[in-house]
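Undergrad: Here you go, sequence then predicted model.
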Amino acid sequence: ILREYFKTERPHVYLFEGQGSTPSRPVRYSAASIGSILKASVVKTGIKKKITVHTLRHSFATHLLERGTDLRYIQSLLGHESPKTTEI
């Protein structure tokens, strides 16, 4: 599905771009749009737990850590200044 999307949409900078994106003017999704997309997906799948974008971010970092990814690398991906923030 992802390959087909990529072939069809031909994103310029971001894998998933907002409406009106062009090569000279890439448009990111807003935080509100991402939250709305996630909320609709959770409803569609029937998941009953409260899930937020932050939940996904935390899960992503946890999976990287469990697979042995260096904590400093995870820190840079998450944009944390302090390694203590990442450790939490």
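TA: Everything's here; your move.
Undergrad: what ranges do the helices span in the protein?
TA: Counting by DSSP state H, the chain has helices at residues 2-9, 31-45, 53-66, 71-78, 83-87.
Undergrad: For stretch 27-45, what does the pLDDT average out to?
TA: Across stretch 27-45, pLDDT averages out at 93.
Undergrad: Output the helices of the chain as TSV; include the columns distance to Gln19 and mean neighbour count.
TA: In this view, the C-beta of every residue, glycine as well, is placed from N, C-alpha and C. Shown next, in TSV, are these (distance: least, Cβ to Cβ, whole Å; neighbours: other Cβ atoms under 10 Å):
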stretch	distance to Gln19	mean neighbour count
helix 2-9	11	9
helix 31-45	10	12
helix 53-66	20	12
helix 71-78	27	14
helix 83-87	34	12
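Undergrad: so which of these comes closest to Ser24?
TA: Shortest separation from Ser24 across these is recorded for helix 2-9, at 16.9 Å, computed as Cβ to Cβ.
Undergrad: who touches that closest one?
TA: Leu15, Glu17 (Cβ atoms under 8 Å, 6 or more residues apart in numbering).
Undergrad: Include distance to Ser24 when you put the helices of the chain into CSV, please.
TA: Below are the helices of the chain laid out as CSV (distance: least, Cβ to Cβ, whole Å):
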stretch, distance to Ser24
helix 2-9, 17
helix 31-45, 22
helix 53-66, 28
helix 71-78, 27
helix 83-87, 35
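Undergrad: Check the ones you listed for me: which has the lowest mean pLDDT.
TA: Looking at the helices of the chain, the lowest mean pLDDT belongs to helix 83-87 (a mean of 89).
Undergrad: And it, how far out from the chain middle?
TA: 19 Å (Cα atoms, centre = their mean, to the nearest Å).
Undergrad: Just list what that helix packs against, helices and strands only.
TA: helix 71-78 (3 or more Cβ pairs under 8 Å, 6 or more residues apart in numbering; DSSP states H and E).
Undergrad: how far does stretch 40-50 sit from the chain's center?
TA: The chain centre lies 17 Å from the centre of stretch 40-50; the measure is Cα atoms, centre = their mean.
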